[in-house]
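J.: okay, predicted coordinates and the sequence, questions at the end:
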Amino acid sequence: DLAKSIAGEQPLPILALPSLRSLSACLQTLLEAPPPLEETKPTPLESLTGPLICKLLDDEGRERGAIIMDLRAALLLGAGLLAVPRDEALRQLKDNEPSEDALLATSEICNNLTGPVNTATSGATANDHVRSTALTSVDVSALPKVRARLDLAVDGGKIVLVMF
């Protein structure tokens with residue numbers, strides 16, 4: 001950011017965060033009985049257990065934000081989309097052996113969550129269009145500077161929507 005400002009390059013505008021209601025409605029369309037989302041106080045991203053990320057890229061391929069979640073949220077949401085029995089999903093979590101299918105399903109959930117991001121507005125300004133990448137593990141200390149964030153609790157796990 002400092003190099004860009006010295007070179008005279010203006011940072012991209014911050015994307016507006018979607019509402020809790022729009023994110024919950026999106027999950028409702030995907031999951032038969034989605035766990036409730038609750039807004040929580042921000043905590044350091046380094047406190048997430050087994051953090052996973054779906055980056056949010058604009059149409060030019062620039063990283064504008066991300067959906068970051070701990071392993072519990074990622075595994076239970078993906079298992080819910082696949083209708084995996086809860087006991088099996090909790091066993092995978094306990095054994096720290098998430099199924100590839102559950103994590104791929106979570107990538108699809110992130111893809112759908114771009115809908116509320118794309119329709120969010122800041123005043124009269126609409127967000128630039130973004131798409132999500134596949135879910136991967138992440139070193140949160142290497143992320144760009146977070147300029148806006150929304151922290152959510154879901155089924156004992158944590159989801160953090162960030163904008164860079």
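T.: Noted; the coordinates are in hand. Treat the numbers as computed from the prediction; the structure is a model and nothing was measured.

J.: okay, residue 3: pLDDT?
T.: Note on residue 3: pLDDT of 55.

J.: quick one: average pLDDT of the helix ranked longest in the chain?
T.: Longest helix in the chain by number of residues (criterion: DSSP state H): helix 100-119. The average pLDDT for helix 100-119 rounds to 98.

J.: what sits up against it?
T.: Helix 100-119 has contacts (Cβ atoms under 8 Å, 6 or more residues apart in numbering) with 15, 17-19, 22-23, 25-27, 29-30, 52, 54, 56, 65, 67, 69, 74-75, 77-79, 81-82, 84, 89, 92, 126-127, 129-132, 134-135, 161. C-beta coordinates here come from the backbone N, C-alpha and C atoms, glycine included.

J.: those residues in helices, which ones?
T.: Of the contacts of helix 100-119, the ones assigned to helices by DSSP H are 22-23, 25-27, 29-30, 74-75, 77-79, 81-82, 89, 92.

J.: most neighbours among the residues you listed, which one is it?
T.: residue 74 (31 neighbours; other Cβ atoms under 10 Å).

J.: got a list of what that one touches?
T.: With Cβ under 8 Å, 6+ apart, residue 74 has these contacts: 50, 52, 98, 102, 103, 106, 135, 157.

J.: ditto for residue 53
T.: Going by Cβ under 8 Å, 6+ apart, residue 53 touches 66, 67, 68, 69, 135, 136, 137, 138.

J.: okay, and for this structure, where does confidence drop off?
T.: 1-9 (pLDDT under 70).

J.: angle of the longest helix of the chain against helix 20-30?
T.: Helix 100-119 runs at 140 degrees relative to helix 20-30, counting by axes from the mean of the first three to the mean of the last three Cα atoms, to 10 degrees.

J.: beyond helix 100-119, next helix or strand please.
T.: strand 121-122 (DSSP states H and E).

J.: strands paired with that next one, and their directions?
T.: Using DSSP bridges, the strands paired with strand 121-122 are strand 125-126 (antiparallel).
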